[in-house]
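>>> Sequence first, then the predicted structure, then my questions.
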Amino acid sequence: MLGDNLNQPVAETPPIPVVPPKPKSSILPLIFGFLLVIILAAVVGVVYYKNQLSSTPSPSPSPIASTLPTSTDPSSTPSASPKSSLKPSSSPKNTTTSTPRPTPVAVVLPSLDLRFGNPSGNFKQTIDEGNGDGRVIYREFTSIQAGQFDEVKSSWSPKVTLCFHIVANESVAGKDIKFTFSLDDKQELEDNLGTYDKLEAGRIYDWCHDSTTGIGKHTAKLQLNSDKSLKENNSNNNLARIDWENLADKIAPNFTLVGPFDWGTNGTCLLTQYVEDNVTAIANLKVEQQVDAESWATQTGGQYCFKGSAGSSHTYAVKITDARGNINEQKKTFVLY
């Protein structure tokens, strides 16, 4: 049976129909087309962005540019190349919020100006010699001078009278102008110019004060508007000062030693006459005498008489010292009558 099957003709396999393969379509055109679309889109975007930049006055980035990468370099400028990132030309600013600025308020400055004249004052030494003429001016200076006053007799009641010249640029009541007066850096007086009802603009008004001071240098100061109750546009010219010096007496006493005289039984005598001093009272002068080589001794009576052999030689000296230590000494050598 197996042999029968071997002897049977083999049936031919029907031919398989051959279908020619479909040609594969190329993807290159798609790639080129896609790239072309991208390039066109990029060009359109760049042109649009440049137009936006040219029409926007503020260098701040636009909402479109804010989505693109930015450079940390604030000095760089936007590039026209499509491959470059857009970079703002200045540091990014927050344009969405703004700090409200306060409304300017006009400040009205004061117009008042209190000052001193030029010179700011004058000062003088006044005395009363007791002759019925009252107080008279002995010497006078202005505040721009360093005044010096000679010492005079205390019986003349010497005083230094200081007068400050005050000016206001506009009318102001005298009582409203407060001041302080100091002498040698010690405040002596605090008052106002109420002696004047009103200070008219541009006129000079004097405030005067008598001062009794000792020997040496002295400084007087007047400070206007001392409590700052008046508003001024310039308070740097509210202080004036006057400087002077009371000089100590340097003039020695004056006298005349006269003689010798032959006074008979009283002997040969010398007299001390015409004693005076410009400052020290005569009663306060120290009068001394020296006989020959003896020590100095106080003179009494204003005279001295020698007794002895006629023709003998002697020396007599008188020395007078005032309160300031000024000395006048005179002597005579003579022979007895």
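Structure's in. What do you need? Numbers count the residues shown, from 1 in each chain.

>>> Can you measure across stretch 127-142, start residue to end residue?
18 Å (CA to CA, to the nearest Å).

>>> who touches the nearest residue to Q303 once chain neighbours are set aside in this structure?
Take Q303 and drop its neighbours on the chain: the residue closest to it by CB to CB, 6 or more residues apart in numbering is L271, 4.7 Å away. Yep, even glycine has a C-beta here, placed from its N, CA and C like the rest. Neighbour list for L271: L257, V258, G259, F261, G302, Q303 [criterion: CB atoms under 8 Å, 6 or more residues apart in numbering].

>>> ok, the fourth one to A281 distance?
Between F261 and A281 the distance, using CB to CB, to the nearest Å, works out to 28 Å.

>>> Show me how the chain divides into domains.
As assigned by automatic domain parsing, the chain contains the domains 114-247, 254-335.

>>> just how off-centre is the longest one within its chain?
It stands for domain 114-247. 22 Å (CA atoms, centre = their mean, to the nearest Å).

>>> do the last one as well
Distance, stretch centre to chain centre, for domain 254-335: 62 Å (CA atoms, centre = their mean).

>>> before we move on, the earlier item: for V108, find the nearest of the domains of the chain.
Nearest to V108 among these is domain 114-247; the distance by CB to CB comes to 10.2 Å.

>>> Quick one: mean pLDDT over stretch 144-158.
With pLDDT averaged residue by residue, stretch 144-158 scores 92.

>>> What residues sit buried inside it?
G147, F149, D150, E151, V152, K153, W156, P158 (16 or more other CB atoms under 10 Å).

>>> Next, the distance between the ends of it.
22 Å.

>>> again, but for stretch 126-144
Stretch 126-144 has an end-to-end distance of 20 Å (criterion: CA to CA).

>>> can you list contacts of that stretch?
For stretch 126-144, contacts defined as CB under 8 Å, 6+ apart pick out 119-125, 147, 149-150, 152, 155-161, 240-242, 244.

>>> and the gap between the residue nearest the centre of the chain and S295?
Ranked by distance to the mean C-alpha position of the chain (CA atoms, centre = their mean), the top residue is N236 at 8.0 Å. In this structure, N236 lies at 65 Å from S295, with CB to CB as the measure.

>>> May I see the buried residues of the longest strand anywhere in the chain?
Longest strand in the chain, counting residues (DSSP state E): strand 114-127. For strand 114-127, the neighbour count (16+ other CB under 10 Å) marks L114, R115, F116, G117, S120, G121, N122, F123, K124, Q125, T126, I127 as buried.

>>> Next, G45: phi, psi?
Backbone torsions for G45, taken as degrees, to the nearest 10, come to phi -60, psi -40.

>>> Tell me where the stretch 51-200 of the chain has strands.
Counting by DSSP state E, counting those that start in this stretch, residue ranges of the strands within the stretch 51-200 of the chain are 114-127, 136-142, 147-150, 159-168, 172-173, 178-183, 186-192, 198-199.

>>> Wasn't the residue nearest to the centre of the chain part of a strand?
No. Secondary structure assignment (DSSP: H, G, I helix; E, B strand; the rest coil) places N236 in coil, not in a strand.

>>> in this structure, which ranges drop under the pLDDT threshold?
In the prediction, the chain carries residues with pLDDT under 70 at positions 1-26, 53-98.
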